[in-house]
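Undergrad: With the sequence up front, the predicted model follows.
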Amino acid sequence: MNDSTTETAFVELKGIAKRFGTNRVLENLDLRIPRGHMVTLLGPSGCGKTTVLRLVAGLEKPSDGRIFIDGEDVTDRSIQQRDICMVFQSYALFPHMSLGENIGYGLKMQGRPQAEIRQRVNEALALVDLEGFADRYVDQISGGQQQRVALARALILKPKVLLFDEPLSNLDANLRRSMREKIRQLQRQFNITSLYVTHDQSEAFAVSDTVLVMNKGQIMQMGAPQDLYRRPASRFMANFMGDANVFPAAIYPDSVDILGYRLPRPTGFAVGVERCTVGVRPEAITLSQQGSDSQSCTVRHVAYMGPQYEVMVDWQGQTLLLQVNATELQPSEGDQLFLKIHPYGMFVLAEAA
Ligand SMILES: Nc1ncnc2c1ncn2[C@@H]1O[C@H](COP(=O)(O)OP(=O)(O)OP(=O)(O)O)[C@@H](O)[C@H]1O
């Protein structure tokens, strides 16, 4: 199990329900985030991720249940009384203020002295690699820089909890990577308990200690990224975490039998499950020119992806999706090849075949 179930919770949601009119968005949701952890909420559009974030922020009231931060019941407190900062997709900076004034705004509202504000603004700008930008305005900097200003504005207040609402969605792919590394570095450096909403699986994996996958207001699975990918608890999870080939299988003491192809039993697979469903990730199936009858397959479709090919093959009456490293083999449609399934990429699904 992941740490978050055993460690003391710093942020805790207990029995949370949220209804908008007749729309029951969340029902009896429990969530525990240990101090200093970064938990990401991941799930399809409309599953309730943003609603959870807004409930923690105090921007929505739960219909039922209680919310605790650092041991205190904050359910009836406003956002200002919760010691929380939020970083939005839209940056939400004031255009009529300089970047320094934007970043120092919260401290000014707290009545801190000018000299302290100036010093802390400069420190915050340095944290996000924007030294010397204090006198610029929002329309003089790029989107990526604006999001770093928004991050500095949150960090300067040293909040108990930092909330991120799809913070990278407006950035292009290169900026997304550098910004997510910046967020992760600063979150770790300051050990800030954080909740991060995204619908991008690779972003969730890259920034978090723990990923919580939701669907239709329910928690489907929560755990470290590797656990969710390698041991999905359901078919929904298997498909949501990436592509999966699914087979009927039987597990014996020394082997797993998939459609007549016997391979070593992976560690952790329970013995004696004569009928089950096994999932195999595309990257765990390789192709080669040689093999046995039970591994023979026909290439149906090839898509060139740069570092690898995505290949569809017919095998034992099933169509499989797999990936071939472009440095190893360049398959073509119609090729008769042999596949190899690697136990590393295999998981047992709860449902029977
Ligand atoms: N203020 C509101 N009034 C009425 N319904 C709402 C309100 N806010 C959210 N909802 C509904 O709650 C459900 C969950 O919305 P939410 O924004 O939490 O989902 P999400 O997982 O964050 O989706 P997305 O990834 O598209 O942002 C949706 O059906 C949405 O229409």
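TA: Arrived safely. Numbers count the residues shown, from 1 in each chain.

Undergrad: and the protein, which of its residues are near the ligand?
TA: The chain comes close to the ligand at residues 20, 23, 25, 43, 45-51, 199, as judged by C-beta under 6 Å from any ligand atom. The way it works is simple: take the backbone N, C-alpha and C, and place the C-beta from them, glycine included.

Undergrad: which among those residues gets closest to residue 240?
TA: residue 43 (7.9 Å; C-beta to C-beta).

Undergrad: What count of nearby residues applies to residue 313?
TA: Using other C-beta atoms under 10 Å, residue 313 has 23 other residues around it.

Undergrad: in what helix or strand does it lie?
TA: strand 308-315 (DSSP states H and E).

Undergrad: Okay, and residue 214 sits in which element?
TA: Using DSSP H and E, residue 214 sits in strand 210-215.

Undergrad: Just the CA atoms of that strand, as PDB, please.
TA: Only the C-alpha atoms of strand 210-215 are listed here, as PDB (Å, rounded to 0.1, in the frame of the first residue of the first chain):
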ATOM      1  CA  THR A 210       1.100   9.600  -5.000                       C
ATOM      2  CA  VAL A 211      -1.500   9.600  -7.800                       C
ATOM      3  CA  LEU A 212      -5.200   9.300  -7.100                       C
ATOM      4  CA  VAL A 213      -7.300   8.300 -10.000                       C
ATOM      5  CA  MET A 214     -10.900   9.300 -10.000                       C
ATOM      6  CA  ASN A 215     -13.900   8.300 -12.200                       C
END
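
Undergrad: name the helices or strands packed onto it?
TA: strand 38-42, strand 218-223, helix 225-230, helix 235-240 (3 or more C-beta pairs under 8 Å, 6 or more residues apart in numbering; DSSP states H and E).

Undergrad: Quick check: which of those is buried the most?
TA: strand 38-42 (a mean of 24; mean count of other C-beta atoms under 10 Å).

Undergrad: contacts for stretch 240-250?
TA: 43-44, 201, 213, 215, 220, 228-229, 232, 235, 238, 256-259, 273-282, 285, 318, 320-322, 348-349, 353 (C-beta atoms under 8 Å, 6 or more residues apart in numbering).

Undergrad: picking that back up, tell me which of the residues of the chain next to the ligand fall in strands.
TA: 20, 23, 25 (DSSP state E).

Undergrad: Wait, the last one touches residue 49, no?
TA: Spelled out, it's residue 25. No - contact criterion C-beta atoms under 8 Å: residue 25 and residue 49 do not qualify, at 10.3 Å.

Undergrad: one step back: following the strand holding residue 313, which helix or strand comes up?
TA: strand 318-325.

Undergrad: send the alpha carbons of the very next helix or strand once past that next one over as CSV?
TA: Using DSSP H and E, the helix or strand that follows strand 318-325 in sequence is strand 336-341. What follows is strand 336-341 as a C-alpha-only set of coordinates in CSV (Å, rounded to 0.1, in the frame of the first residue of the first chain):
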residue,chain,number,x,y,z
GLN,A,336,5.6,-13.0,-40.3
LEU,A,337,7.5,-12.5,-37.0
PHE,A,338,7.7,-13.9,-33.5
LEU,A,339,6.7,-12.1,-30.4
LYS,A,340,8.0,-12.4,-26.9
ILE,A,341,6.1,-11.4,-23.8
